[in-house]
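>>> attaching a predicted model along with its sequence, questions to come.
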Amino acid sequence: MFDGKLSKLVLGRIANYLPSAEPNYKDMDDDDYIRLLSWCEDWPSQKVYETAYKESHMDPIQTWDEWSADMKPFPLPVRTELRRALSIHQEIGSLKPLRTINYFLIHGKKILLWSFLGTLVWWVFLQ
């Protein structure tokens, strides 16, 4: 949806004006880590999977195809490595575009409603 560099830049700039937020690591599962890091790095999910095992100095328990079919939980060192990588992306700002999208998904209806009501009041009473 938003994989263009210009859209990432614009959404990242908008995030500078939004309340800061961190990823909710506690509620994330392994697939969430893989997808987020895949988006941040512009890598295929399989490469993120393989890199996580490589960086945690472990041999993969399952192949990518086996894991993507049943998604058994990762061993703790692999999960910790994925979290560390996501923390690095949080620090450098790679997750800012996603924070902007999330903000507007949560608050978009309220913003549209109040914008409409403000425009209506202006139109009726101030024009």
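That came in fine, so what should we check first?
>>> list the buried residues for the helix ranked longest in the chain?
Taking DSSP state H as the criterion, the chain has its longest helix at helix 96-125. Buried residues in helix 96-125, counted by 16 or more other Cβ atoms under 10 Å: 96-101, 103. C-beta here means a position set from N, CA and C on the backbone, and glycine is covered the same way.
>>> I'd like to know which of these is nearest to Phe74.
Checking those against Phe74 with Cβ to Cβ, the nearest one is Leu98 at 21.6 Å.
>>> so which strand or helix has Ile88?
Using DSSP states H and E, Ile88 maps to helix 76-92.
>>> so how far is that helix from its chain's centroid?
13 Å (Cα atoms, centre = their mean, to the nearest Å).
>>> what comes up buried for it?
Buried residues in helix 76-92, counted by 16+ other Cβ under 10 Å: 78-79, 81-82, 85-86, 89-90.
>>> flag whichever of those scores worst on pLDDT.
When the buried residues of helix 76-92 are compared on pLDDT, Gln90 comes out lowest, with 90.
>>> that one against Asn24, yeah?
No - using Cβ atoms under 8 Å, Gln90 and Asn24 do not qualify as a contacting pair, with a distance of 11.7 Å.
>>> residues contacting Gly118?
Shown in contact with Gly118 (Cβ atoms under 8 Å, 6 or more residues apart in numbering): no residues.
>>> per-residue pLDDT of it, please?
Gly118 is given a pLDDT of 90.
>>> just Gln127 next, same as before
Listed pLDDT for Gln127 reads 74.
>>> same question, Phe2
49.
>>> hmm, who's touching the helix holding Ile88?
22-23, 25, 30, 33-34, 36-37, 40, 48, 52-53, 55-58, 73-74, 95.
>>> just the buried subset of those residues, please.
Using 16+ other Cβ under 10 Å, the buried members of those are 23, 30, 33-34, 36-37, 40, 48, 52-53, 56, 74, 95.
>>> what two of the residues you listed are the furthest from one another?
Checking the buried ones among the contacts of helix 76-92 against each other with Cβ to Cβ, the farthest-apart pair comes out as Tyr53 and Leu95, at 22.8 Å.
>>> returning to what we had before: what would the buried residues of helix 96-125 look like in a markdown table with distance to Leu11 and pLDDT?
Formatted as a markdown table, these follow (distance: Cβ to Cβ, whole Å; pLDDT from 0 to 100):
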| residue | distance to Leu11 | pLDDT |
| --- | --- | --- |
| Lys96 | 7 | 88 |
| Pro97 | 4 | 88 |
| Leu98 | 8 | 85 |
| Arg99 | 8 | 86 |
| Thr100 | 4 | 86 |
| Ile101 | 7 | 84 |
| Tyr103 | 10 | 87 |
